[in-house]
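J.: give me a 3D structure for the following:
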Amino acid sequence: MKIKKVTKAVFPVAGMGTRFLPATKSIPKEIMTLVDRPLIQYAIDEARAAGIKEFIFVTSRGKSALEDYFDHSPELENTLRKAGKDDLLEILKETNMDSGAIAYLRQTRPLGLGHAVWCARRLIGDEPFAVLLPDDVIAAEKPCLQQMMEAYEQTGGNMVAAMEVPPHKASSYGVLDIAEDMGAIVLAKGMVEKPKAEDAPSNLAVIGRYILTPKVLSNLNKMKQGAGGEIQLTDAIAEETKTGKVYGYRFRGQRYDCGSKAGFLQATVAFGLARPDLREEFGAYLNDMIALQKAAQ
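T.: Residues are numbered from 1 along each chain as shown. Alright, predicted model coming up:
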């Protein structure tokens, strides 16, 4: 059976970003910048590298800045062109979307990640699709979703990005119950959303990258409430372990939880040091700060 190519991706961006108040009172969390690019740009670039052609955003009230970000800005482009700033024009092109390539849907009630994905069901149709959570920023030589796409071409079915976590952190994730461990790819026989440490079936946690079949949308149609009283995407995927194939993929790269302040700061340092134009000056500053802290002790 030929495995159908994945060309559509869903970006759930309806969250209020309360952990970053007061900044997110007027700015969508996804527009907050990591070095000089907003979080959403990292997710879009990763999706493009994996062959995604159609981008579906599930938004909510107060996200108009997010929509504007991907629109053309003729005044700015003309100003840069007249000033001969071709390098900045090239950077700006990365933020533009072709007409018809991007769609916006409203999630009118905050009923969970599963509900947000379900909101995109009519645009997804009867096709496999990807889901990317912009909060999870992954630094990798080969983008995470591209790695998963290559593995998916071998397995088909459903695939989730997975990484090993300490037992005491299992309650913050969906956790895989492993049927067979094949190295980079594991076959799952179940998934548990936010288990207690003693109840976690493994230390392999699901993070915000998914390749899913339309059957997952059918499972979400049941609107079953899960952990926290929300409609959990993990539960809908877990149903597929009974009759279909669900795989975890141990991606190569470093994941940063930019939905938390500490994770956002860690990512800022890592991505700043990775930039050749910033590394020397920024690295010297960090070394000075560490030296000052040690002297103060």
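J.: what's in contact with the helix or strand containing Glu90?
T.: For Glu90, the element it lies in under DSSP states H and E is helix 86-93. Here helix 86-93 makes contact (CB atoms under 8 Å, 6 or more residues apart in numbering) with Ser73, Leu76, Glu77, Leu80, Arg81. Every residue, glycine included, has its C-beta placed from N, CA and C.
J.: not counting its neighbours along the chain, what's nearest the first one?
T.: The spatial neighbour of Ser73 that comes closest, neighbours along the chain excluded (CB to CB, 6 or more residues apart in numbering), is Leu92 at 7.3 Å.
J.: for Leu278, see how far away the one you found is.
T.: Distance of Leu92 to Leu278, computed by CB to CB, to the nearest Å: 20 Å.
J.: pull the distance from whichever helix in the chain runs longest to the chain's centre.
T.: In the chain, with assignment by DSSP state H, the single longest helix is helix 279-296. Averaging C-alpha positions (CA atoms, centre = their mean, to the nearest Å) puts helix 279-296 31 Å from its chain's average.
J.: buried ones in that helix?
T.: Phe282 (16 or more other CB atoms under 10 Å).
J.: what are the contacting residues of it?
T.: Under the criterion CB under 8 Å, 6+ apart, residues Val269, Gly272, Leu273, Arg275 lie in contact with helix 279-296.
J.: residues touching the first one, list them.
T.: Yep, that's Val269 we're talking about. Here Val269 is in contact with Leu286 (CB under 8 Å, 6+ apart).
J.: show the pLDDT at it.
T.: On pLDDT, Val269 comes in at 95.
J.: swap in the second one?
T.: Predicted confidence (pLDDT) for Gly272: 94.
J.: buried ones in the strand or helix carrying it?
T.: Secondary structure from DSSP H and E places Gly272 in helix 261-273. Going by neighbour count (16+ other CB under 10 Å), the buried part of helix 261-273 is Gly263, Phe264, Ala267, Thr268, Phe271, Gly272.
J.: how about stretch 167-177?
T.: Under 16+ other CB under 10 Å, the buried positions of stretch 167-177 are Ala170, Tyr173, Gly174, Val175, Leu176, Asp177.
J.: so Gln41 makes contact with Thr95?
T.: Yes. Between Gln41 and Thr95 there is a contact under CB atoms under 8 Å: 6.6 Å.
J.: ok, back up a step: just how off-centre is the helix holding Glu90 within its chain?
T.: Relative to its parent chain, helix 86-93 has a centroid offset of 25 Å by CA atoms, centre = their mean.
J.: avg pLDDT for that helix?
T.: If you average the pLDDT over helix 86-93, you get 81.
J.: who's in contact with the next helix or strand along the chain from it?
T.: The C-terminal neighbour of helix 86-93 among helices and strands, as given by DSSP H and E, is strand 102-106. Contacts made with strand 102-106 from outside it, assessed by CB under 8 Å, 6+ apart, are listed as 14, 54-61, 67, 70, 119-120, 123.
J.: now do the strands in this protein.
T.: For the chain, applying DSSP state E gives strands covering 8-12, 33-34, 37-38, 54-59, 102-106, 129-132, 136-139, 158-164, 174-181, 185-193, 204-212, 246-250, 254-257.
J.: buried residues, stretch 92-107. List them.
T.: Judged by neighbour count (16+ other CB under 10 Å), stretch 92-107 contains these buried residues: Thr95, Ile102, Tyr104, Leu105, Gln107.
J.: per-residue confidence for the fourth one?
T.: It refers to Leu105. Looking at Leu105, its pLDDT is 90.
J.: could you list the low-pLDDT ranges of the stretch 151-297 of the chain?
T.: For the stretch 151-297 of the chain, the stretches flagged by pLDDT under 70 are 223-229.
J.: still on that earlier bit, and the contacts of strand 102-106, which two are furthest apart?
T.: Spanning the widest gap among the contacts of strand 102-106 are Glu54 and Arg61, at 23.9 Å by CB to CB.
J.: more neighbours, those two?
T.: Glu54 (17 against 10; other CB atoms under 10 Å).
J.: test my guess that the more buried one contacts Lys5.
T.: No. If you go by CB under 8 Å, Glu54 and Lys5 don't touch, sitting 11.9 Å apart.
J.: and Ala236, what does it touch?
T.: By CB under 8 Å, 6+ apart, the residues touching Ala236 are Gly114, Val216, Leu217, Asn219, Leu220.
J.: what about 10 Å?
T.: The contact partners of Ala236, by CB atoms under 10 Å, 6 or more residues apart in numbering, come to 113-114, 117-118, 158, 191, 212, 215-222, 224, 226.
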